[in-house]
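Engineer: Predicted coordinates and the sequence they were generated for:
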Amino acid sequence: MSLVAAGATLVAKASGVLSWLPWALAGASLIAGAGGTLWYRSQYESCLAAGAKALADQIETDKVENAKAVAALNEQLRTVENKVVTVTERIYAAPKTNACADSPAMRAASDGLRQLFPGGQADGRRQSAPAVPGPAPGPGGGKRQ
């Protein structure tokens, strides 16, 4: 047998195998793709479940922390309210006068504010402001005419 005849015989035998090989490869690719898609979907769903669980845990943690913060703010509110009530009672108990800034009620109010908000610069502001030369504000808006 010649070399060409041997090659032709080999191609004839192989053509039976080659006729179904593309279909086999396509089927294997389809199965692998479906399996990969199902695996990816399961990973996605587990990620969603983990995120939902983490969110629920964070909500519970936030509820506990918020309850503590509200309790602390309520206590602080009670403390400030007690101070304000004391100052308000002192203002109401001060004698009534017609002079506003020098009245005992205004002094009591100022002293109460200084007690509520310590560290301010109110002590240096007890004197009245010096008069500024120039026209006084009035109907002309303080402008020279």
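Structural biologist: Structure's in. What do you need? Numbers count the residues shown, from 1 in each chain.
Engineer: which helices and strands sit right next to the one helix or strand residue 52 maps to?
Structural biologist: Assigned by DSSP states H and E, residue 52 belongs to helix 3-93. Identification of packing neighbours for helix 3-93 by 3 or more C-beta pairs under 8 Å, 6 or more residues apart in numbering; DSSP states H and E yields helix 104-116. Where C-beta positions appear, they are placed from N, C-alpha and C, glycine not excepted.
Engineer: okay, the angle between the helix it packs on and helix 3-93?
Structural biologist: Counting by axes from the mean of the first three to the mean of the last three C-alpha atoms, to 10 degrees, helix 104-116 lies at 140 degrees to helix 3-93.
Engineer: now helix 104-116: mean pLDDT?
Structural biologist: For helix 104-116, the mean per-residue pLDDT is 79.
Engineer: chain center to that helix: distance?
Structural biologist: The chain centre lies 38 Å from the centre of helix 104-116; the measure is C-alpha atoms, centre = their mean, to the nearest Å.
Engineer: just checking, what packs against it?
Structural biologist: Packing partners of helix 104-116 (3+ C-beta pairs under 8 Å, 6+ apart): helix 3-93.
Engineer: how close does residue 80 get to residue 87?
Structural biologist: As judged by C-beta to C-beta, to the nearest Å, residue 80 and residue 87 stand 11 Å apart.
Engineer: overlap in contacts of the two?
Structural biologist: Overlap between the neighbourhoods of residue 80 and residue 87 consists of residue 116, taking contacts as C-beta atoms under 8 Å, 6 or more residues apart in numbering.
Engineer: Many thanks, I have nothing further to ask.
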